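J.: got a predicted structure here, sequence first:
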Amino acid sequence: MSACRGCGCPIDWIRTTAGRNMPVDPEPVFVVEGGGNDRFVTDEGEAITGRVARPEEESPALTVAFVPHWKNCPNAAEFRRRR
């Protein structure tokens, strides 16, 4: 496990299907696919769109994925590429 250089929080890394390493928050979440516009990444590196399941919705039938760390990092803007 690594630490974010911006905020110091623990992060894990997942290699995406595009071949890039993405920093993610270490705790997995249940995702309701198609239920929202948030982005997540699975263990296999696949990007999916949806929303975090509410506690009463959580079930083994839902996809388990990770939240990209840039979504929650207060210093994420420091790492964005300039165009």
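T.: Received the coordinates, thanks.

J.: longest strand in this protein, please.
T.: Longest among the strand segments of the chain by residue count, using DSSP state E, is strand 29-41.

J.: partner strands of the next helix or strand after it, with direction?
T.: Per DSSP states H and E, the first helix or strand lying C-terminal to strand 29-41 is strand 47-52. Using DSSP bridges, the strands paired with strand 47-52 are strand 29-41 (antiparallel).

J.: how about the nearest residue to residue 45 once chain neighbours are set aside, what does it touch?
T.: The shortest distance from residue 45 to any non-neighbouring residue, by CB to CB, 6 or more residues apart in numbering, is to residue 16 (4.4 Å). In short, each C-beta sits where N, CA and C put it, glycine included. Counting by CB atoms under 8 Å, 6 or more residues apart in numbering, residue 16 touches 22, 41, 45-47.

J.: wouldn't residue 66 be in contact with residue 44 here?
T.: No - the pair residue 66 and residue 44 fails to qualify as a contact (CB atoms under 8 Å) at a distance of 11.1 Å.

J.: what distance do you get for residue 55 to residue 76?
T.: 27 Å (CB to CB, to the nearest Å).

J.: neighbour count: these two, which is higher?
T.: Between residue 55 and residue 76, counted using other CB atoms under 10 Å, the more crowded position is residue 76 (16 against 7).
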